[in-house]
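Participant: predicted model follows, preceded by the sequence.
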There are 2 protein chains.
Amino acid sequence: MANVTILGAGAMGSALCTPLRNNGHNVNLWGTHLDTKIIDRLKEDNVHIKHKCALPEGIKYFYNEELEEAMKDADLIIMGIASVGLGSVFKKAIPYLKKGMTVGSVSKGYEYSTKDKDKIIILPDLLEELLPDDLKGNIDFVVVGGPCKAVEVVWECPNSVVYASKNIEAAKKMRSLLVTDKYNVEVSTDVIGTEICAAMKNAYSVGLGMAEGFKAKDGKENKNCKAALFTYAVAEMGVLTKAMGGSYASVIGQPGVGDLEITCEAGRNRLLGEVIGGGLLGSEAIKKMNDEDITVEGYPAIRFGYELYQKLQDEGKIKKGNMPFLETLYAILYKDEPCYPSIVKLLNTCSGFEYDI
Amino acid sequence: MANVTILGAGAMGSALCTPLRNNGHNVNLWGTHLDTKIIDRLKEDNVHIKHKCALPEGIKYFYNEELEEAMKDADLIIMGIASVGLGSVFKKAIPYLKKGMTVGSVSKGYEYSTKDKDKIIILPDLLEELLPDDLKGNIDFVVVGGPCKAVEVVWECPNSVVYASKNIEAAKKMRSLLVTDKYNVEVSTDVIGTEICAAMKNAYSVGLGMAEGFKAKDGKENKNCKAALFTYAVAEMGVLTKAMGGSYASVIGQPGVGDLEITCEAGRNRLLGEVIGGGLLGSEAIKKMNDEDITVEGYPAIRFGYELYQKLQDEGKIKKGNMPFLETLYAILYKDEPCYPSIVKLLNTCSGFEYDI
């Protein structure tokens, strides 16, 4: 029986309580200042207001102010924090970390390096940067990839995710604490591929949403277009992963193909694409989303991905023009290029094209 | 301007009239004995009763009895016939074929060899077997792969398909006659990979439908399960394609990933899986489909695929147990194994597994 502390009581952080409790571990669930109402209700009757159902019995709940107590005696820390708040929460947790600890993270996306403001890095590298010298190299980070709607984990529906860590033993250790007959976990050493896919599947799901949105314009389904774009999205996740030094196995595995499949089916990224496919310009669609207070992870992921792509071309690590789908998404979202003719042109380009993966 | 004869006036055969007429070619559309009502209406006002809209102007329509006239002066023949009737229609057409001709085919699936009743072959090999000696090796077959809902071709929605032929020049020739700014065509020499994916995407879509069907049992969505299975489906199409001597590029291209994406979204294969996921046994579900006169291509594809898999294991071309998803589908469909526990067990197996692709 291990002691596991989950930082962040949002959808995914809280969902992981279910397999952990099923395996009999002690679970401390700590909420950030944004999670106060969630913790209030959990303390009252165990119901999570986002999941609209009860979490397993026996979890200990902690408010933002109770971080030290929540971290006490932890064998494993899991960061269940949205990428935008990951750094600041992790900094607060650092005083309670010990050498040799394993820190899991479900956050997905890119960030700029804290040392070089022009350098784009993946999130586990951000966490490593934030460590004080005595802990650098002495904390094992494990990232989670693959298709995983949080509420289905609470419902104990079968799934399969990937835990990736430079130290495979850390991934295996975390797996051993969480795996159940429903919550399946593969392990991998490909942190880079897992993270690139995790970020880019959001970007490309915006593009796949565009094909779904064409129907609003002309009443016709464009399933052929969506499926063709799905294939090109997988190819380009391969191009970027390879150029970053990641493994193609992640691209054709759960972090790439699997997570793209679930992400493009529904959700905010697809929705953003749909309203653009339906006729709004990129800037109009983003304004609409902002007005409705909807954050779309794919939007910054397109920009980060595009900047990374430019840099990797300059360095000779990606052939010029080898990510036409990403170029098209960037032009539509950030330069207000018209969507439909851009996608038509993209398919013309890609169908006469061999991706250099 | 070329003369193109399409045999079969069903959904896909008739749909290809649109890009051909857009490119200004002479098009003869011939209907089988099953297509009489379709031809009746087309002759009346150009409306195709399956597509519920008009085909382009200028197509010549032919009844079953008018095959010779329909085939006259053809530069390209396209077989738009369901796989079950492909051989018999092709035999009727053989007297009108000339050496050096190109024959395209949109049919997808497996058949038993006409020479060796235990040997499973892909459809272009069936056509080759049926040729008389003087034509053997002198007809170029081109098969069509990739995601393609026929009605969207009539609507001129953007898509991307693959034409594959042992003779790349034949694929390019056919492409040159059909390609438009909306109907995009890639070319390939990988006939085997294209055909294996075309058949197996139907088989695996039955499996993905099962995950969609679980909701009918317990009210809970199982999108995580579906996405995880999608990944394993792609992996196993890779295993089978490689063992048959095909190219992995087809698997991660439009014939594999792309066509699986569109096929599992809707349609008969998914429907069969859904009713099984919802609680019917395999045999009950098939009986229900038969009673409602619904033919599901994925059902025989599972059996053909499974037999092929057994044979390839015996020959040492596939590692023992390297297609657990297909094994599970076969057991559910042909041995009435219970669906939900079988899929749960499959995910347990696959998550601790490395596919040998």
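Facilitator: Structure received.

Participant: looking at chain A, which helix is longest?
Facilitator: Longest helix of chain A, by residue count under DSSP state H: helix A:191-218.

Participant: could you list the contact residues of the stretch 201-350 of chain A toward chain B?
Facilitator: A:214, A:220-228, A:230-231, A:234-235, A:238, A:252-254, A:257-259, A:261-262, A:265-266, A:343-344, A:347-348, A:350 (Cβ under 8 Å from any Cβ of the partner chain). Where you see a C-beta, it was placed from the backbone N, CA and C, and this is true even at glycine.

Participant: just the buried subset of those residues, please.
Facilitator: A:214, A:221-228, A:230-231, A:234-235, A:238, A:252-254, A:257-259, A:261-262, A:265, A:343-344, A:347-348, A:350 (16 or more other Cβ atoms under 10 Å in any protein chain shown).

Participant: look up phi and psi at the closest residue in space to residue A:131 that isn't next to it in sequence.
Facilitator: Distance criterion Cβ to Cβ, 6 or more residues apart in numbering or on different chains; nearest residue to residue A:131, sequence neighbours excluded, is residue A:139 at 6.2 Å. Reported as degrees, to the nearest 10, the phi and psi values for residue A:139 are phi -120, psi 130.

Participant: hmm, residue A:103 and residue A:139 touching each other?
Facilitator: Yes. Counting by Cβ atoms under 8 Å, residue A:139 sits close enough to residue A:103 to count as a contact (5.7 Å).

Participant: buried residues in the longest helix of chain A?
Facilitator: A:191-215.

Participant: could you give the mean pLDDT of that helix?
Facilitator: Here helix A:191-218 scores 96 as its mean pLDDT.

Participant: quick one: that helix to chain centroid distance?
Facilitator: Distance of helix A:191-218 from the chain centroid (Cα atoms, centre = their mean, to the nearest Å) equals 13 Å.

Participant: next one: stretch A:75-89
Facilitator: The answer for stretch A:75-89 is 12 Å, by Cα atoms, centre = their mean.

Participant: among the buried ones among the residues of the stretch 201-350 of chain A next to chain B, name the ones in helices.
Facilitator: Short answer: those in helices (DSSP H) are A:214, A:223-228, A:230-231, A:234-235, A:238, A:259, A:261-262, A:343-344, A:347-348, A:350.

Participant: who are the contact partners of the residue nearest the centre of chain A?
Facilitator: Nearest to the geometric centre of chain A sits residue A:108, at 2.8 Å (Cα atoms, centre = their mean). Residues in contact with residue A:108 (Cβ atoms under 8 Å, 6 or more residues apart in numbering or on different chains) are A:83, A:123, A:145, A:195, A:198, A:199, A:202, A:297.

Participant: residue A:68 contacts residue A:74, correct?
Facilitator: No. Residue A:68 is beyond contact range of residue A:74, at 11.1 Å (criterion: Cβ under 8 Å).

Participant: who's more crowded, the two?
Facilitator: residue A:74 (23 against 12; other Cβ atoms under 10 Å in any protein chain shown).

Participant: measure the more buried one to chain B for me?
Facilitator: Distance of residue A:74 to chain B, given as Cβ to the nearest Cβ, to the nearest Å: 26 Å.

Participant: equivalent analysis for residue A:149, please.
Facilitator: 5 Å.

Participant: gap between the two ends of stretch A:112-131?
Facilitator: One end of stretch A:112-131 to the other measures 16 Å (Cα to Cα, to the nearest Å).

Participant: quick one: buried residues of it?
Facilitator: In stretch A:112-131, counting by 16+ other Cβ under 10 Å, buried: A:120, A:121, A:122, A:123, A:124, A:125, A:126, A:127, A:130, A:131.

Participant: so what sits against both of residue A:68 and residue A:74?
Facilitator: Listed as contacting both residue A:68 and residue A:74 by Cβ under 8 Å, 6+ apart are residue A:96.

Participant: what residues does the stretch 51-200 of chain A put near chain B?
Facilitator: Residues of the stretch 51-200 of chain A lying near chain B (Cβ under 8 Å from any Cβ): A:146-149, A:152-153, A:155, A:157-160, A:181-182, A:184-186.

Participant: show me the contacts for the residue lying closest to residue A:172 once chain neighbours are set aside.
Facilitator: Distances taken as Cβ to Cβ, 6+ apart place residue A:187 nearest to residue A:172, at 5.6 Å, with adjacent residues excluded. Residue A:187 is in contact with A:162, A:163, A:164, A:165, A:168, A:171, A:172, A:175, counting by Cβ under 8 Å, 6+ apart.

Participant: ok, now which ones touch the residue lying closest to the second one once chain neighbours are set aside?
Facilitator: With Cβ to Cβ, 6+ apart as the criterion, residue A:163 has its nearest non-adjacent residue at 4.3 Å, and that residue is residue A:171. Counting by Cβ under 8 Å, 6+ apart, residue A:171 touches A:142, A:163, A:164, A:165, A:187, A:188, A:189.

Participant: which ChimeraX command selects the buried ones in those?
Facilitator: Buried residues among the contacts of residue A:171 (16+ other Cβ under 10 Å), as a ChimeraX selection:
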select /A:142,163,164,165,187,188
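
Participant: ok, back up a step: of the residues of the stretch 51-200 of chain A next to chain B, closest to residue B:286?
Facilitator: Nearest to residue B:286 out of those is residue A:158 (Cβ to Cβ; 24.4 Å).

Participant: residues in contact with the closest one?
Facilitator: So residue A:158 contacts A:182, A:184, B:222, B:224, B:225, B:228, B:343, B:344, B:347 (Cβ under 8 Å, 6+ apart).

Participant: cheers, nothing more for now.
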